[in-house]
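**Student:** generate a structure from the sequence data that follows.
(chains A, B, C and D)
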There are 2 protein chains.
Amino acid sequence: MVTLAEVAQHAGVSASTVSYVLSGKRSISVTTRLRVEQSIRELGYHPNAGARALASNKSNIIALMIPLRTDMYVPVMMEIAIAVATTARTHGYDVLLLTGEEGPDAVRRVTGSGLADAMILMDVELDDERLPLLRGTDQPSVLIGLPADTSELTCVDLDFKATGALCVEHLAMLGHRDIAVIGEAPAVYERHTGFAERTLDGLRSRAQELGVRLLHRPCEGGYDAMALTLARILDERPGTTGFVVQNESAVEPLLALLRGQGRAVPEDVSVVAICPEQVAVQASVRLTSVAIPAQEMGRHAVDHLVAKLDGRGKDEVVLIAPELTVRSSTGPAPSAAS
Amino acid sequence: MVTLAEVAQHAGVSASTVSYVLSGKRSISVTTRLRVEQSIRELGYHPNAGARALASNKSNIIALMIPLRTDMYVPVMMEIAIAVATTARTHGYDVLLLTGEEGPDAVRRVTGSGLADAMILMDVELDDERLPLLRGTDQPSVLIGLPADTSELTCVDLDFKATGALCVEHLAMLGHRDIAVIGEAPAVYERHTGFAERTLDGLRSRAQELGVRLLHRPCEGGYDAMALTLARILDERPGTTGFVVQNESAVEPLLALLRGQGRAVPEDVSVVAICPEQVAVQASVRLTSVAIPAQEMGRHAVDHLVAKLDGRGKDEVVLIAPELTVRSSTGPAPSAAS
DNA sequence: ATAGGTTGTCGAAGCGCTTCGACAACACTT
DNA sequence: AAGTGTTGTCGAAGCGCTTCGACAACCTAT
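**Tutor:** Model prediction:
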């Protein structure tokens, strides 16, 4: 293993000079710098991470806590994780992967040991137990998701309330008067994951403003669960012509079921999905959808975190504005007159 | 920040004693140990990761390189990553997340800097450029996937050749004589990702042994691509009654298309999928499938890696035996006589 | 020519931990 | 009673790096 001292000797300078060449924290003459860089290359030197962390009191590592459960949005989580990792690298940081399993203890461990300089938390619940810890430390952090109380916290998320509103608006504008919402699995609501409730909030308040009737039903993924849910919905509100789906794994089953019942999409019923772009495009009907901007969220989170680490950047809540893309799953409501 | 020295002072012992209490590398009297542990708890001490890494020359971190692309098996990757992270924790290791983006440089960087003690590589290509680096270092590593040359390497993977064979066997036994294989996206084959080719190998050789005709077609995910592929297949081999699908995102489109053409599953055609359990269960028809044991692979990989780090464990290739679960998507071939 | 600035380099201290050798203190043997 | 182990604890060195203060060497401006 090559050390700083060996590089210094090889280049005929002192260790501190090499260090300053590396960090750029003091001016170094061009000739010296070139000579040192040459030696570094020749010897294949890599600074030792541990020594660096010890001496400088920073690890250049960002911790990312991902949810352990896989009952929702797996591709989204994955995409966020990848975006976080690649963005972090562009800032010179590596990413430590923590699962939610350890819960608050993980926060304590990472903060206490100096393993990471900062953390990003995903799958934040409305009243998350990790939050007090984050507030109580000077370690910067960013949440992906929105808890109930965002004071002293930096959060990045899609504006799910606006998303809900947007979906209702679109359907209402097309003349739909009875809208059903296929929600996430019941467990997601019970856990008080903010995004599900915020979406619902947006859906409901907009529906009321526009005088549209709304029916919300949680739904496990899969064909069977969807069949049951759909039957119940059509039983209660036979006139339902608009659907908003917020559960990836219910999308395709819903389409199949509607097809099976002879209800044409978009002629008889319209479907709006809240899902990743890819799902919307690959479905058996190209879906009108509000995309979940996973990459953007991951990138934003890291950029904010790095800003904080650099002393720039303040606590704030960033809500990404939703965008609805019209594809082939929505159309005018079948005329009420007919 | 609380240091070892402070704990030592608080407990009235020397720093080295505290260290030995922590590591258990020398015997310590019960009374002393209890006193030290008490102090640790009272002061809320956490060992500094950097200092530890520097002094002991190990970081207690395992690097995990995940593919950047998301053109296949995203949930599988995610599940593996989570399994790796949680299993690593049970051994006292943390996981550093690297994306394939940096390629071989990432291996150099991590190895050179002592950031991680060992690495796990996913998405290994048959002739992966990272392999020479791994062979040339004494840093332990485990591959998830199988390259062409496995000498001096430890690999964990599903036995995809046996998987292919198993699928053909099952269909052949049910009387199917014309089988079509819906493969991964063409890019996956061009990249020479081992598992796709090994599956194909297993499918083909077993088909030949059993005197069954086999047609293989790569297929991008999604409805449109599947429609095209299916049309071509049925054009070439109208008598096809058995399908093997190795592309998650083609499963549901295939089922929908078959339904649309009035081909009943499993009465007219049988479908076997190679996919995660969840996909098989949630599909619109409960699918006969060979599960991809993501968790098991992740767990295995870590266990082997830790064994290597402990000086136990040798280079070896572990192929997990496939298991075919019969569900409702396969049945006897429509009698050739009819 | 001399005081006052810059600029580029060096030496040394120290980050918090592990680990080695040393050595009391005590228990056994013979 | 002396020798021989064991057991539990300590002091000190050192891991590879960053960073601070010091200080030559060179520039100006007077």
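
**Student:** how about residue A:267: what's its closest non-neighbour residue?
**Tutor:** Counting by C-beta to C-beta, 6 or more residues apart in numbering or on different chains, residue A:267 lies nearest to residue A:331, which is 6.5 Å off, once chain neighbours are set aside. (Glycine included, C-beta is placed from N, CA and C.)

**Student:** can you give me the strands in the stretch 201-338 of chain A?
**Tutor:** In the stretch 201-338 of chain A, strands defined by DSSP state E, counting those that start in this stretch lie at A:213-217, A:242-245, A:270-275, A:288-291, A:317-320, A:324-325, listed in chain order.

**Student:** of all those strands, which lies closest to residue A:60?
**Tutor:** Nearest to residue A:60, of all these, is strand A:317-320, at 24.0 Å by C-beta to C-beta.

**Student:** chain B: which of the strands of the stretch 201-338 of chain A is closest?
**Tutor:** Minimum separation from chain B across the strands of the stretch 201-338 of chain A (C-beta to the nearest C-beta) falls at strand A:270-275, 13.5 Å.

**Student:** can I get the strands of the stretch 201-338 of chain A in a markdown table with mean neighbour count, distance to residue A:260 and mean pLDDT?
**Tutor:** Below are these laid out as a markdown table (neighbours: other C-beta atoms under 10 Å in any protein chain shown; distance: least, C-beta to C-beta, whole Å; pLDDT from 0 to 100):
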| stretch | mean neighbour count | distance to residue A:260 | mean pLDDT |
| --- | --- | --- | --- |
| strand A:213-217 | 17 | 19 | 97 |
| strand A:242-245 | 27 | 15 | 98 |
| strand A:270-275 | 26 | 15 | 97 |
| strand A:288-291 | 25 | 21 | 98 |
| strand A:317-320 | 15 | 36 | 96 |
| strand A:324-325 | 15 | 26 | 98 |
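
**Student:** one step back: distance-wise, check the residue nearest to residue A:267 relative to chain B.
**Tutor:** 19 Å (C-beta to the nearest C-beta, to the nearest Å).

**Student:** could you check the pLDDT of that residue?
**Tutor:** Predicted confidence (pLDDT) for residue A:331: 96.

**Student:** that one: how many residues sit nearby?
**Tutor:** Neighbour count of residue A:331, defined by other C-beta atoms under 10 Å in any protein chain shown: 19.

**Student:** test my guess that residue A:297 contacts residue A:145.
**Tutor:** No. With contact defined as C-beta atoms under 8 Å, residue A:297 does not count as touching residue A:145 (9.2 Å).

**Student:** residue A:97 in helix, strand or coil?
**Tutor:** strand (DSSP: H, G, I helix; E, B strand; the rest coil).

**Student:** tell me the residues of chain A that contact DNA strand C?
**Tutor:** Chain A comes close to DNA strand C at residues A:12-17, A:20, A:26-29, A:31-33, A:51, A:54-55, A:57, as judged by C-beta under 7 Å from any atom of the strand.

**Student:** redo that, cut-off 6 Å
**Tutor:** For chain A, the residues in contact with DNA strand C (C-beta under 6 Å from any atom of the strand) are A:13-17, A:20, A:26-29, A:32, A:54-55.

**Student:** could I have the buried ones of the residues you listed as PyMOL selection syntax?
**Tutor:** Restricted to buried positions by 16 or more other C-beta atoms under 10 Å in any protein chain shown, the PyMOL selection for those reads:
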select buried, chain A and resi 13+17+20+28+32+54
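
**Student:** quick check: can you list the domain ranges of chain A?
**Tutor:** A:4-47, A:61-158+A:294-319, A:160-292 (automatic domain parsing).

**Student:** for residue B:316, find the nearest of those.
**Tutor:** Closest among the domains of chain A, using C-beta to C-beta: domain A:61-158+A:294-319, at 26.1 Å.

**Student:** buried sites along the one helix or strand residue A:199 maps to?
**Tutor:** Assignment of secondary structure by DSSP states H and E places residue A:199 within helix A:194-210. By neighbour count on 16+ other C-beta under 10 Å, the buried set for helix A:194-210 is A:194-200, A:202-204, A:206-207, A:210.

**Student:** helices or strands up against that helix?
**Tutor:** If you count contacts as 3 or more C-beta pairs under 8 Å, 6 or more residues apart in numbering or on different chains; DSSP states H and E, helix A:194-210 packs onto strand A:155-158, helix A:160-173, strand A:178-182, helix A:186-190, strand A:213-217.

**Student:** quick one, what contacts the residue lying closest to residue A:57 once chain neighbours are set aside?
**Tutor:** Distances taken as C-beta to C-beta, 6+ apart put residue A:114 closest to residue A:57, at 7.1 Å, once the chain neighbours are dropped. Contacts for residue A:114 (C-beta atoms under 8 Å, 6 or more residues apart in numbering or on different chains) come out as A:53, A:57, A:59, B:1, B:48-50.

**Student:** by neighbour count, which of those wins?
**Tutor:** residue A:59 leads the contacts of residue A:114 on contacts (other C-beta under 10 Å) with 27 neighbours.

**Student:** so for that residue, what's the nearest residue that isn't a sequence neighbour?
**Tutor:** Per C-beta to C-beta, 6+ apart, closest to residue A:59 is residue A:53, 4.4 Å.
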